[in-house]
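Asks: how would this look folded up:
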Amino acid sequence: MQPAVRMYATPVCPYCVRAEQVLRDRGVVDLDMIRVDLHPEQRKHMMKITGRRTVPQIFIGDYHVGGCDDLMALDRAGKLEPMLRGEPV
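Replies: This is a model prediction of the structure:
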């Protein structure tokens with residue numbers, strides 16, 4: 001079973017758009033996209049749980065992947081797809 005994938009993002013952020021595309025290309029259908037531009041309280045929550053101000057901030061299950069560069073590094077290392085399948089990495 002695929003773990004939940006959550007991404008804090010804005011629609012105009014090119015890194016958010018790229019991260020969403022990578023996740024979709026890897027089979028993520030149910031992406032929980034949290035728009036911090038529409039919900040400032042969600043940005044505050046994101047900053048509290050990640051210690052970061054920038055978007056995107058991506059979670060796979062309870063694991064905080066980080067931003068777009070972190071997601072891309074995980075993919076290059078061959079760890080993203082197993083993680084998305086719920087396999088331990």
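
Asks: how near is the residue nearest the centre of the chain to Pro88?
Replies: Centroid-nearest residue in the chain: Ile58, 2.1 Å away (criterion: Cα atoms, centre = their mean). Per Cβ to Cβ, to the nearest Å, Ile58 is found 18 Å from Pro88. Yep, even glycine has a C-beta here, placed from its N, CA and C like the rest.

Asks: one step back: for the helix or strand containing the residue nearest to the centre of the chain, packing partners?
Replies: In this assignment (DSSP states H and E), Ile58 forms part of strand 57-60. Applying 3 or more Cβ pairs under 8 Å, 6 or more residues apart in numbering; DSSP states H and E, one finds that strand 57-60 contacts strand 5-9, strand 63-66, helix 68-76.

Asks: right, so the ones you listed: which one is the most enclosed?
Replies: strand 5-9 (a mean of 23; mean count of other Cβ atoms under 10 Å).

Asks: quick one: average confidence on the strand holding Ile58?
Replies: Strand 57-60 carries an average pLDDT of 98.

Asks: which neighbours does that strand have in its sheet, and in what orientation?
Replies: Sheet partners assigned to strand 57-60 using DSSP bridges are listed as strand 5-9 (antiparallel), strand 63-66 (antiparallel).

Asks: Give me the distance from it to the chain's centre.
Replies: Mean-position distance between strand 57-60 and its chain equals 3 Å (Cα atoms, centre = their mean, to the nearest Å).
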